[in-house]
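J.: please work out how this folds:
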Amino acid sequence: MRRPTSLSGGTKSTCKVQTTLRLPRQLYERAKLLVENGVKGSVNDLMVHALATYVRVMDRKAIDDAFRPMASDKRYQREALRFTQLFSATDAETIETRRARPD
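T.: Numbers count the residues shown, from 1 in each chain. As a prediction, the model looks like this:
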């Protein structure tokens, strides 16, 4: 692995790391076609964008997976309902106030 360099080549704290990918030829050709059609400035930019998007999706999936059991947790459902009822009056007041004077 090569030494990390900053995004601008200077001393910024955000660094890029150079690596090598082995892509199936058909995927690479399709990526090049997207670049030629102006989707991204380079194959590298396309790969960075695609990988960053994938990582965000996987992070979101991990969060969703962590909270999924709450949907069938009876104790949690009772507490959520209790809080909803507890704050329903102030929630309604907030809604009415926002309707009366929109920002």
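J.: ranges for the helices of this protein?
T.: Using DSSP state H, the helices of the chain run over 25-36, 43-67, 74-100.
J.: out of those helices, nearest to T19?
T.: Proximity of those to T19 was assessed by C-beta to C-beta; the nearest stretch is helix 43-67, lying at 10.1 Å. (C-beta placed from N, C-alpha, C; glycine too.)
J.: just put the helices of the chain in CSV and tack on mean neighbour count and distance to K16.
T.: Converted to CSV, those look like this (neighbours: other C-beta atoms under 10 Å; distance: least, C-beta to C-beta, whole Å):
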stretch, mean neighbour count, distance to K16
helix 25-36, 12, 19
helix 43-67, 11, 9
helix 74-100, 10, 43
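J.: could I get those helices in JSON lines, plus columns for mean pLDDT?
T.: Compiled in JSON lines, those are given as follows (pLDDT from 0 to 100):
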{"stretch": "helix 25-36", "mean pLDDT": "97"}
{"stretch": "helix 43-67", "mean pLDDT": "96"}
{"stretch": "helix 74-100", "mean pLDDT": "84"}
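J.: columns distance to T14 on top of those helices, output as CSV?
T.: Below are the helices of the chain laid out as CSV (distance: least, C-beta to C-beta, whole Å):
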stretch, distance to T14
helix 25-36, 24
helix 43-67, 13
helix 74-100, 39
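J.: out of those, which comes closest to Q18?
T.: Each of these was scored for nearness to Q18 using C-beta to C-beta, and the closest is helix 43-67 (9.9 Å).
J.: tell me what that closest one is packed against?
T.: Taking 3 or more C-beta pairs under 8 Å, 6 or more residues apart in numbering; DSSP states H and E as contact, the helices and strands that helix 43-67 lies on are helix 25-36.
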